[in-house]
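Asks: pasting the sequence and the predicted coordinates here, then a few questions.
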Amino acid sequence: MVEKGAASATPIYNRWPLYASFGHSMPQSSASDSPPLVPHHNPSIPASMSGHEHPSLLPTLTIDPNVLRRPIHPILQVQDSLSAVRDYVRFSDWLARHMEETKVGDPGVPACASQLADDACSIFMCFIVKIKRQGAMKYKCVDCGHTVKRVDRALEHQRFKRGHQPFRCPEGW
């Protein structure tokens, strides 16, 4: 008998009701606080695995480790997010050195940038709004309203506004 306040000697898998949903019947614990496990057939598990195999043979869920490392951030207003990303771009080292810009989701990029653009896109996509007009996709600058038909032209517009030239020819060409 287990005393109140003492740690239970029952293994955790005996107290986990989801374990039974995979078709495995586990030994019942003697503790009165554990819910009874009722084995039932799960059609997603082959009949050959009907409760006789080791639990490690069960289907597993794979989670991308990058998702787990992503910081949880509060959702900001669009204008606040734009202001934070503008400040990040304005004071960035890559802008001053005319190196290729960072991507949304890269380390060091404000987390609120993912509210404005898709991950792995150029940070400048935060300043571009996609508009479907007359059946065609157009890209509009959130600052000045400049609209173009191609995303590469919209990115060129953003680089030009900030004096960013990562693809310029070297001197003497």
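Replies: Received it, and whenever you're ready, just let me know what you need.
Asks: and residue 158, what is it in contact with?
Replies: Taking CB atoms under 8 Å, 6 or more residues apart in numbering, we find residue 158 in contact with 124, 127, 128, 141, 164. Heads up, the C-betas are built off the backbone N, CA and C, glycines and all.
Asks: surely the second one meets residue 144?
Replies: No - taking CB atoms under 8 Å as the definition, residue 127 is not a contact partner of residue 144, at 9.8 Å.
Asks: higher neighbour count, these two?
Replies: Summary of the neighbour comparison: residue 127 and residue 144, criterion other CB atoms under 10 Å, with residue 127 having more neighbours (24 against 10).
Asks: strands along the protein, start to end?
Replies: Residue ranges of the strands in the chain, as given by DSSP state E, are 128-133, 136-141, 147-148.
Asks: so can I have JSON lines of these showing mean pLDDT and distance to residue 90?
Replies: JSON lines is the format used below for those (pLDDT from 0 to 100; distance: least, CB to CB, whole Å):
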{"stretch": "strand 128-133", "mean pLDDT": "92", "distance to residue 90": "17"}
{"stretch": "strand 136-141", "mean pLDDT": "95", "distance to residue 90": "16"}
{"stretch": "strand 147-148", "mean pLDDT": "96", "distance to residue 90": "23"}
